[in-house]
Structures are given as C-alpha cells and as structure tokens.
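Colleague: build me a structure from this.
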Amino acid sequence: MPRKTDGMLFELQPRPTSGEDGKPLLYARPAAPDKRTMKDVSTYCSFKGLNSALVEIAFSTFIDVCSEWLADGYRVETPLGIFSPKIKLEGDFTDPAKVQGKDVSFAGIELLPSKQFIKAVSKNQHGFRKKSTRVGNAHMRDEALMAEALRSAMKNGFTTIRQFMVTSGLKYHSAQRYLEHLCYAESAKLRRMRIGGAVHYFSKEQTGEGK
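Modeller: Now for the predicted structure:
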C-alpha cells in the first residue's frame, strides 16, 4: 500500500483513563511540524495576484476595532465566527453582594467558528496521516530501554534533565522524576549537584560513591 503523503498529520497521546486492557485510552491531536505566519499569507497573496499590504491593513484594522468592542463586553460576529470576551472571578465567592468590579479579570477571547469557516476547512481536508512517535511516557516502564537512554545521556560523565529528555523521549517532569528516583532510591545510582542554573546528575560509580 503506498504511503499517504497528504492530509493532516496527527499524533496519539494517552488519556487519564484506562481501557479494558488496563492501558491508557488514547486521543489524537494535530502534529503539524511548523506554523504559518503573515509572511506565508503574503506569499499566498503574491501567488494569487493580491495586494498583501491591503490584507495586513485589514487585519490591523480588525484588531483595532474588535479589541475595543470586546473590551466593552460585546460579542463580535465576523465571517470567521463570533469572538467573545472571557472573564473570571478572582477568588471564591458565594454571596453575590460581595462581588465587586475589582474581583473580576479579563481571561482571554473565545472564538465560535462560523458554519462558513468550518465548511471551508472541511472542504480543504484530505484525510489524516499518523505521526510515528512514542505515545506518552509508557516506555518509561521499559527498564532496559531507560538504562540504555541513561547510558547515552551520560556519555560525558554526567547528564541533565534536558539531555536525558532527548535520549529517553520523556517529557520534562517524567525525565526529572526518573533521575531523582535514581538519586534517592534504596540502591541509588546517581548523585545530583547544582552547577550554575541546572542540576547535573553524576554516576556514583564514577565518583567512587558506589563502591
């Protein structure tokens, strides 16, 4: 079967809940390798023979006008959808009489996409391609794999959390938790030392502490 080369690239990640086999249920999320910017819009405009300067002016004008309306609490309906301001209470309240203006803060902007926008995206959609990556940190339980990743990370005699992240494929906090466990476990294999702004992990065997 020929390999699919178009469509949205996606990756799988574990959910907090588990399936019948005891393993985490999965969810899919987009995994585009890069982002698009106004520079790409300008390139598109040149290809289509459009004036990119006018497009930039239109965006700038929209931000100027829309920001004033949103700041006053209005919802703004556009061809893209409806923009709405988000606000939140700063603190826990049960009595409405105690809530004042100073207790409320701006919390961002929501976009409810229009049917026209959704239809346009759907029209340009050409299926999906799965990205070949590890799913979450499940491989953290593979002792042989983690041992090899640690050896690779310590080729200079020590490692840091970020170096270990590269060789192990773990997220930051998981990599940190793994290294810290090796420092404080009953049969500790590593010792930690803060050098500059980063924590360095050294092998106790190399420092003579493991003898």
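Colleague: which parts of stretch 39-55 are buried?
Modeller: For stretch 39-55, the buried set under the neighbour-count rule, 16 or more other Cβ atoms under 10 Å, comprises 42, 45, 52. For glycine as for every other residue, the C-beta is placed from the backbone atoms N, C-alpha and C.
Colleague: can you say which helix or strand has the second one in it?
Modeller: Okay, so that is Cys45. helix 38-48 (DSSP states H and E).
Colleague: before we move on, the earlier item: switch the buried residues of stretch 39-55 over to CSV; also include pLDDT and distance to Gly196.
Modeller: Compiled in CSV, the buried residues of stretch 39-55 are given as follows (pLDDT from 0 to 100; distance: Cβ to Cβ, whole Å):
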residue, pLDDT, distance to Gly196
Ser42, 93, 42
Cys45, 94, 47
Ser52, 93, 45
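Colleague: take those and lay them out in CSV including distance to Cys66.
Modeller: CSV is the format used below for those (distance: Cβ to Cβ, whole Å):
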residue, distance to Cys66
Ser42, 22
Cys45, 22
Ser52, 21
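Colleague: of the residues you listed, closest to Gly169?
Modeller: Gly169 lies nearest to Ser42 out of those, by Cβ to Cβ, at 36.9 Å.
Colleague: give me the longest helix you can find in the protein.
Modeller: Assignment by DSSP state H gives helix 52-71 as the longest helix of the chain.
Colleague: which strands or helices does that helix pack on?
Modeller: helix 38-48, strand 76-77, strand 81-89 (3 or more Cβ pairs under 8 Å, 6 or more residues apart in numbering; DSSP states H and E).
Colleague: any low-confidence regions in this structure?
Modeller: Along the chain, segments meeting pLDDT under 70 span 1-5, 133-142, 205-211.
Colleague: mind listing the strands for it?
Modeller: Here the chain has its strands, by DSSP state E, at 8-18, 24-30, 76-77, 81-89, 104-113, 128-130, 158-159, 190-195, 198-203.
Colleague: pick the most deeply packed of those strands.
Modeller: Most buried of the strands of the chain, by mean neighbour count (mean count of other Cβ atoms under 10 Å): strand 158-159, with a mean of 23.
Colleague: show me what that strand is packed up against.
Modeller: On a contact count with 3+ Cβ pairs under 8 Å, 6+ apart, strand 158-159 meets strand 198-203.
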